[in-house]
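K.L.:
Just a sequence and a predicted model for now, questions to come.
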Amino acid sequence: MLAVFGQFLDHDMTATAISRGTNGSSIACCEPHVNHPECFPVIIEPDLTQGIAESSCMEFVRSAPAAQCKIGPRQQLNQVNKFY
């Protein structure tokens, strides 16, 4: 049962649709002066990378919202099944 639950969590998190830009393009959050509402770039301190990472910014884009016919909290869209 633990392995099945682990698979459920894995597939639920990795198959989440991310928001896209104009014409289905990906959204770049780490470029200078990007102020997209779906972006939340993760800034990495230079002393933490210790020469491992080339960039000091990690792209982070919110997942795509599920269509709703009401006003309320944002529901996340799941690509694996019909439930969200």
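P.N.:
Structure's in. What do you need?
K.L.:
wait, Ser63 sits on Ala17?
P.N.:
Yes: at 6.2 Å, Ser63 counts as touching Ala17 under the criterion of CB atoms under 8 Å. (Glycine included, C-beta is placed from N, CA and C.)
K.L.:
what's the single longest helix in this structure?
P.N.:
helix 2-14 (DSSP state H).
K.L.:
now what about the next helix or strand after that one, what contacts it?
P.N.:
Next in sequence after helix 2-14, counting helices and strands by DSSP states H and E, comes strand 42-43. If you take CB atoms under 8 Å, 6 or more residues apart in numbering as the criterion, strand 42-43 is touched by 56-58, 60.
K.L.:
Mark which of those are part of strands, please.
P.N.:
Counted as lying in strands by DSSP state E, out of the contacts of strand 42-43, are 57-58.
K.L.:
could you flag which of the contacts of strand 42-43 are buried?
P.N.:
Buried members of these, scored by 16 or more other CB atoms under 10 Å: none.
K.L.:
so which of the contacts of strand 42-43 would you say is closest to Cys30?
P.N.:
For the contacts of strand 42-43, the residue nearest Cys30 by CB to CB is Cys57; the value is 3.7 Å.
K.L.:
how much space between the closest one and Ser63?
P.N.:
For Cys57, the distance to Ser63 (CB to CB, to the nearest Å) stands at 20 Å.
K.L.:
Leu2 and Cys30: what is the separation?
P.N.:
Distance of Leu2 to Cys30, computed by CB to CB: 37 Å.
K.L.:
Compare the two and say which is more crowded by neighbours.
P.N.:
Cys30 (15 against 6; other CB atoms under 10 Å).
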